Structures are given as C-alpha cells and as structure tokens.
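**Q** Would you be able to build a 3D model of this:
(one chain, ligands or ions: 1)
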Amino acid sequence: MKLQAVKGTSDILPEQQPDWQRVLHAAQQVLGGAGAGRLTTPIFEHAEVFEKSVGDSADLVVQKEMYTFEDRGERRLTLRPEFTAGVMRSFIQHGMHTRPTPVKLWSTGPIFRAENVQRGRYRQFHQLNYEMVGVDSALADAETIELLYRTLTVCGLTKHHIKLGSVGDPDDRRTYNDYLRTELTPLQDRLSPTSRERLRLNPMRVLDSKDEGDQQLIANLKRPLEMLSGAALEQFEQVQSYLSAWGVPFDIDPGIVRGLDYYRRTAFEVHYHGIGAQSALGGGGRYDGLLELLGGPNLPGVGWAIGIERVLDALEQEEPRVAAVEGPALFIVPLDDAAVAEGAALAQRLRAQGLRVEFAYQRRNPGKGLRDADRLGSRYAALRGDDERSRGVWQLKDLASGEQQELLAEDLGAALTQAPRAL
Ligand code: HAM
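**A** Take a look at the predicted model:
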C-alpha cells in the first residue's frame, strides 16, 4: 500500500517555510505593533463551543463541515473549524474582561472543515486570526480592517483588495431574510439544492451561491445594504470615511454575506485575483452578542481570519519573487577519512558563531564535493586533504567567483562573516 496524505490536507515543505514565516512575522509586527497579544488555544474544544456560536444555520453546520467525535470519556469534541469561538471561550474562562479595554488577541494554527476539496479549499488548513473585544465603534471596525490590509501588505502582497459591506443589526437581517423568503420561495424548485437548504435556514447565504442558475434568479433582488436601518447604516458610512482618510483601498460590496451566523453590522473580505475561484484571502466582521451568547459579559467584538495557504498561493503570483530558500554559507568537503571528523568539528564551531554550515559525512573527491556544495546553493566550500592538514589550513573556494584561498580554521569564521552573502 502506498501511503498518502489524507485528501484535503497537505505537507508544508521546507522551501515553503520562508513564506510561512513571513506571514507570522507580519502578524507579530503589525498586530503586535497595535497592542495585540498572541493567544494559543487548543485544537479541540467541547463541541458546544462551536455549535452554540456559529449558529444552527451557519454553513459549517448546514453542510455538516465540523469534525465532531466522541472521545473515550464519551465527551463530544470538535476539531476547531475556526478560531473565534475558542478565543471567546478562552476570554471568558480567563476573565479577560478585567484587562484594560480593548483586548486584542491574535492566534494561528490548523483549522478543520470537512469541505469539498478544490484549489484553495482544504480540510485541514491554517488561519491567522485577530480579535478585538470591548469597543463597538466604527473606529474599531476601521482599525481592524486596516490591520488586515497592512498585515497582507507586510507579507509581500501588492494586489489584495478589501470588499466592505454590512449585514445590519439582527432586525435588519430578519427583515432582509423575510424579504428573500417572500421573493424566492415561489422559485425554490429552480434553486440549487444548497441554496434551497440555505433559503430554509439562512436565506441571506443564497446570495453567495456560485451556481449560475441561482445567480440569475437573484440578480434583480435587493442586497442587504439596501435594507440597512439607521444605526447600522451610519456606522457603515463612518467606517468608509475612516478607511478613505487612511488611504486603505476598498470596494463596497452590497451583497457581502458571511458564512457564520454571529455577524452584526460591518462585514468584510479581502480578495486576490489569480488564485482560482476561492479568491478570499480572509474575512471577518463585527460580532457583538457572541460573548454573551457563550455565557460571558456583554462586550462587543470585531475580528478577522486569513487563510495562510491562500496567502502563500497569492505570494507565488507576485512579481518579483524573493528567493525562497538560501543555501548554507559553507559546505565542508573532506578529501580523506581524517578530514571527515575535522570537518564536523569545524562545522559545529562555525554554527556556534551563527553561520549556516553543512558538511559531507564521507570523504569526497573534489569534483563531487564541489558539485554537492553547488546543489545545496552554498556560497563557499572548504576542502581539506593530507596536504592542507600538514599546513593546518582549509582551502576556501568561492563558488560564485571560483576564487580560492588558504585559511587557518580559526580565521574561517571571520572570513565568512565579512563576506557579503555569507549568512
Ligand atoms: P471564514 O471566512 O470562514 O472566517 O474564514 C477565513 C478565511 O479562512 C477565508 O477567507 C479563507 O481564506 C480561509 N479558509 C476558509 N475555509 C478554508 C478552506 N476550506 N481551505 C482553505 N482556506 C480556507 C472565519 O473563520 C471567522 N472566524 C473569521 C473571524 C474572526 N470573524 C471574526 N473574527
């Protein structure tokens, strides 16, 4: 039997790690710089944490996307299908409402959804998540969106764009859902099966259908933005004026709807062209009422999550690309058996000075040794045989220029650190 990774999961290979690190560095820099602390939550939680929060009609539940199982103690557990609910559970459990307001938290790690797999849509993927609890103003929404935009810019993206909308207050949602039911129920036989199910549970989500037939049926219907009440509309307009003043580019998307039930008012997504149908790099919005629903204090919240795999795909589309992996500064080539152990000891000394050094584990002839160094992308090779040993030196070869010089072992570190690309 040939072992394969489970469909919809993937390995993150060494050459992909530098881009991965960029996302984490960007989070640290941008979110840390705005006062957010990192919170690590467990990968599994009691199922009710997610069942309560995402809502009966949310896509996760509608499409049975949660990985829920019973453990040996007959506890119902769920592999997290998003961060927000777990972060709120942690917020409540650790009494974080007593901390100075607002409380800003970022998290990252694997997320699990039993989805239909396609490009950009996996069953185990990774999110970078940000939440801000305690402020309900348009300023908080706008700052949250600016942080999303800038995090992606610092990752190295230049072509991402924000789509801004509002799902209104619960009353607005109800009015809009009633309107959709009235309009679409007579036509429901012509809707796709998913949309028919959504019409029953969360009509708004019909707008998000990718089905062409569905799109034709809803083309002339009103969008949620057209039915916003006073307060939600006012907040929506204020968010726009902050973003414009700060130079954060955005488009208004009157039909923006989100797949989770907890959203109120401001809702947004960030998209990128060129990564296939799943073009949303991230999304989020305001979720006032969620903490209370989970048994916590009545505090408002706003946040977002980005899909790291999709960000990596987008980074691949960016020009110019920065070289993903750098080779070692030095590759050590022992030309006889005695030089093997000497090479290993030298490597350890140089690594202790912070240099990246690799060596051959068996003696090599010079041609093969230099080819190995080249394949690894090493800048220098150090060779030693009997002749060099008798003089206590290593032959240092610059693989780019071909230049060669003899150096004492103790001088190698300094020579490499002074070299332009040595680290
Ligand atoms: P979401 O829109 O469900 O929001 O997911 C956020 C992002 O995760 C998506 O925009 C996408 O980039 C990525 N993503 C979602 N599903 C998949 C998948 N199957 N494969 C790969 N990537 C995927 C949330 O999860 C909310 N909790 C965000 C939030 C935080 N709202 C408030 N705070």
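**Q** tell me the mean pLDDT over stretch 132-146?
**A** Mean per-residue pLDDT for stretch 132-146: 97.
**Q** what does stretch 165-174 give?
**A** 89.
**Q** What's the end-to-end length of it?
**A** Between the opening and closing residues of stretch 165-174 there is a gap of 17 Å (Cα to Cα, to the nearest Å).
**Q** Does at least one residue of that stretch sit close to the ligand?
**A** No. Figure legend: stretch 165-174 not in contact with the ligand (Cβ under 6 Å from any ligand atom); closest approach 12.0 Å. Where you see a C-beta, it was placed from the backbone N, CA and C, and this is true even at glycine.
**Q** quick one: contacts of the helix or strand hosting Ala26?
**A** Here Ala26, judged by DSSP states H and E, is contained in helix 17-26. Residues outside helix 17-26 that contact it (Cβ atoms under 8 Å, 6 or more residues apart in numbering): 12, 108, 128, 151-152, 154-156, 306, 308, 311-312, 315, 324-325.
**Q** Next: stretch 219-228.
**A** Contacts of stretch 219-228 (Cβ under 8 Å, 6+ apart): 165-168, 172-173, 175-176, 179-180, 183-184, 204, 207, 236, 252, 254-257.
**Q** re the thing from before, moving along the chain from the helix holding Ala26, name the first helix or strand you hit.
**A** Moving toward the C-terminus from helix 17-26, the next element (DSSP H and E) is helix 32-33.
**Q** Other residues contacting that following helix?
**A** Contacts for helix 32-33 (Cβ under 8 Å, 6+ apart): Arg38, Trp106.
**Q** quick check, distance from that helix to the centre of its chain.
**A** The gap between where helix 32-33 is centred and where its chain is centred comes out at 17 Å by Cα atoms, centre = their mean, to the nearest Å.
**Q** Same check on stretch 141-159?
**A** Worked out by Cα atoms, centre = their mean, stretch 141-159 lies 12 Å from the chain centre.
**Q** thinking again about what came up before, drop anything exposed from the contacts of helix 17-26.
**A** Thr108, Leu128, Thr151, Leu152, Val154, Cys155, Gly156, Ile306, Ile308, Val311, Leu312, Leu315 (16 or more other Cβ atoms under 10 Å).
**Q** And those residues, which two are furthest apart?
**A** Spatially, the most separated pair among these is Thr108 and Gly156, at 17.3 Å (Cβ to Cβ).
**Q** circling back to that earlier point, what's the closest of the contacts of helix 17-26 to the ligand?
**A** Ile306 (5.7 Å; Cβ to the nearest ligand atom).
**Q** Which residues does the closest one form beta bridges with?
**A** Counting by DSSP bridges, Ile306 is bridged to Leu128, Gly282.
**Q** Relative to Arg351, how far out is it?
**A** 35 Å (Cβ to Cβ, to the nearest Å).
**Q** And for His25?
**A** Taken as Cβ to Cβ, the span from His25 to Arg351 is 23 Å.
**Q** Which strands and helices lie in contact with the helix or strand Gly109 falls within?
**A** Using DSSP H and E, Gly109 falls within strand 103-112. With contacts taken as 3 or more Cβ pairs under 8 Å, 6 or more residues apart in numbering; DSSP states H and E, strand 103-112 sits against strand 37-38, helix 84-93, strand 124-133.
**Q** Okay, Ser137 and Val239: tell me how far apart.
**A** 9 Å.
**Q** And these two? Which one has more around it.
**A** Between Ser137 and Val239, Val239 has the larger neighbour count (other Cβ atoms under 10 Å), namely 26 against 14.
**Q** How about residues contacting the helix or strand the more buried one falls within?
**A** Per DSSP H and E, Val239 falls inside helix 230-246. The contact list for helix 230-246, computed with Cβ under 8 Å, 6+ apart, reads 137-139, 141-143, 145-146, 162, 164, 166, 168-169, 172, 225, 228, 250, 252, 265-266.
**Q** Can you show me the CA trace of that helix as PDB?
**A** C-alpha atoms of helix 230-246 as PDB (Å, rounded to 0.1, in the frame of the first residue of the first chain):
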ATOM      1  CA  GLY A 230     -30.300  54.000  10.700                       C
ATOM      2  CA  ALA A 231     -27.700  53.000  13.200                       C
ATOM      3  CA  ALA A 232     -26.100  50.200  11.100                       C
ATOM      4  CA  LEU A 233     -26.100  52.500   8.100                       C
ATOM      5  CA  GLU A 234     -24.500  55.300  10.000                       C
ATOM      6  CA  GLN A 235     -21.700  53.000  11.300                       C
ATOM      7  CA  PHE A 236     -21.100  51.700   7.800                       C
ATOM      8  CA  GLU A 237     -20.600  55.200   6.400                       C
ATOM      9  CA  GLN A 238     -18.300  56.100   9.200                       C
ATOM     10  CA  VAL A 239     -16.100  53.000   8.600                       C
ATOM     11  CA  GLN A 240     -15.800  54.100   5.000                       C
ATOM     12  CA  SER A 241     -14.700  57.600   5.800                       C
ATOM     13  CA  TYR A 242     -12.000  56.400   8.200                       C
ATOM     14  CA  LEU A 243     -10.700  54.000   5.600                       C
ATOM     15  CA  SER A 244     -10.700  56.600   2.900                       C
ATOM     16  CA  ALA A 245      -8.900  59.100   5.200                       C
ATOM     17  CA  TRP A 246      -6.200  56.500   6.000                       C
END
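**Q** May I see the buried residues of that helix?
**A** Buried positions in helix 230-246, judged by neighbour count with 16+ other Cβ under 10 Å: Ala232, Leu233, Gln235, Phe236, Gln238, Val239, Tyr242, Leu243.
**Q** List just the nearest of these to the ligand.
**A** Val239 (15.1 Å).
**Q** Would you quantify the distance from that closest one to Ala267?
**A** Distance from Val239 to Ala267, by Cβ to Cβ: 11 Å.
**Q** what touches both of the two?
**A** With Cβ under 8 Å, 6+ apart, Val239 and Ala267 have common neighbours Leu164.
**Q** Up against the ligand, what does the stretch 301-423 of the chain have?
**A** Gly303, Trp304, Ala305, Ile306, Gly307, Glu309, Arg310.
**Q** ok, back up a step: filter the contacts of helix 230-246 down to just the ones in helices.
**A** For the contacts of helix 230-246, the ones inside helices are Ala138, Leu139, Asp141, Ala142, Glu143, Ile145, Glu146, Asp172, with DSSP state H as the criterion.
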